[in-house]
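Q: predicted structure and sequence below. I'll ask about it afterward.
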Amino acid sequence: MRYFILGLISLGLIVVSLANREMVTLNLLPEALGDLFSVNAKIHVPLFISILSGVAAGLLIGFVWEWLREMKHRVAVKLEHKQVVLLKREVDKLKSEIPKAKDDILTLLDEVS
């Protein structure tokens with residue numbers, strides 16, 4: 001099922017790419033602003049490359065944004081896990097310090113030996 005969906009997405013991207021093969025000019029800055037700063041960087045690319053690169057940049061920005069937003073929750077979970085581990089260690093230490101109650105027979109055997 002996953003491969004079928006990936007195939008449909010790939011087919012859709014190929015169709016969009018073939019339909020938008022015309023060359024377009026991408027400017028770094030608007031023409032008036034570029035003339036003011038003497039920076040007129042231009043690049044000629046097919047339209048589908050500019051469309052797909054915009055989609056990819058949007059996805060990348062979204063993933064990074066979400067990762068940064070969820071970071072505080074991941075830190076809280078790690079801290080909680082560390083506290084649980086420390087509490088378990090402390091409980092084990094306290095349990096080992098408690099003297100174990102001996103049976104009457106074992107006490108008599110200890111006295112004899």
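A: Thanks, I have the structure now. Numbering: from 1, shown residues only.

Q: use CA for all of it now, contacts and neighbours both
A: Will do.

Q: tell me which element the residue nearest the centre of the chain falls in.
A: Centrality entry for the chain: nearest residue to the mean C-alpha point is W67, 5.0 Å, by CA atoms, centre = their mean. For W67, the enclosing helix or strand under DSSP states H and E is helix 47-97.

Q: what ranges of this protein fall below the confidence cut-off?
A: Along the chain, the model assigns pLDDT under 70 to residues 98-102, 113.

Q: please redo it, this time with the cut-off set to 50
A: Along the chain, the model assigns pLDDT under 50 to no residue.

Q: and the helix holding W67, what does it pack onto?
A: For helix 47-97, the elements it packs on are helix 2-19, judged by 3 or more CA pairs under 8 Å, 6 or more residues apart in numbering; DSSP states H and E.

Q: how far is the helix or strand following the helix it packs on from where the chain is centred?
A: The first helix or strand that comes after helix 2-19 along the chain, using DSSP H and E, is strand 23-27. Here strand 23-27 shows a centroid-to-chain-centroid distance of 34 Å under the convention CA atoms, centre = their mean, to the nearest Å.

Q: parallel or antiparallel, list what pairs with strand 23-27.
A: Partners of strand 23-27 in the sheet, by DSSP bridges, are strand 42-46 (antiparallel).

Q: any idea how far the strand it pairs with is from the chain center?
A: Between the centre of strand 42-46 and the centre of its chain there are 33 Å (CA atoms, centre = their mean).

Q: likewise stretch 15-29?
A: If you compare the mean C-alpha spot of stretch 15-29 with that of the full chain, they lie 31 Å apart, counting by CA atoms, centre = their mean.
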